[in-house]
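# Predicted structure and sequence below. I'll ask about it afterward.
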Amino acid sequence: MNTNRLWSEIRKLKGSTKPVTTRNPKEEADTLAKHFATRAASHTLPLRIQQEFRDRHEAIQIESNTDRPLSMYELNNALKLLK
């Protein structure tokens with residue numbers, strides 16, 4: 001998708017018809033990134049979806065003991081897989 005078409009789609013979503021006048025690619029990329037970041041932010045979701053997301057996230061909290069050091073046995077087995 002070219003940038004003109006992308007901006008056209010964004011204008012449709014925003015409900016505006018004002019043309020974009022920038023020719024600086026970095027500025028254009030930053031503007032697009034900011035726009036999509038705000039559209040995709042979790043706080044823009046409906047409250048019902050936010051609550052369901054929190055509930056599911058809390059339900060899958062699993063204790064992990066992955067912060068322990070590797071034993072020599074585990075290290076040797078991992079290295080064998082690389083050979």
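Arrived safely, thanks for sending. Computed from a prediction, not measured in an experiment: that's the story for all the values here.
# State the distance from residue 8 to residue 14.
Using Cβ to Cβ, to the nearest Å, we find residue 8 at a distance of 11 Å from residue 14. C-beta coordinates here come from the backbone N, C-alpha and C atoms, glycine included.
# Between these two, point out the one with more neighbours.
residue 8 (14 against 10; other Cβ atoms under 10 Å).
# Can you list the helices and strands that the helix or strand harbouring that one packs against?
For residue 8, the host element (DSSP states H and E) is helix 3-14. Under the contact criterion of 3 or more Cβ pairs under 8 Å, 6 or more residues apart in numbering; DSSP states H and E, helix 3-14 touches helix 25-40.
# one more time with 7 Å
Using 3 or more Cβ pairs under 7 Å, 6 or more residues apart in numbering; DSSP states H and E as the contact test, no helix or strand touches helix 3-14.
# for that helix, the distance to its chain's centre please.
20 Å (Cα atoms, centre = their mean, to the nearest Å).
# Quick check: mean pLDDT of it?
For helix 3-14, the mean pLDDT works out to 78.
# which parts of that helix are buried?
7, 10 (16 or more other Cβ atoms under 10 Å).
# between it and helix 25-40, how big is the angle?
30 degrees (axes from the mean of the first three to the mean of the last three Cα atoms, to 10 degrees).
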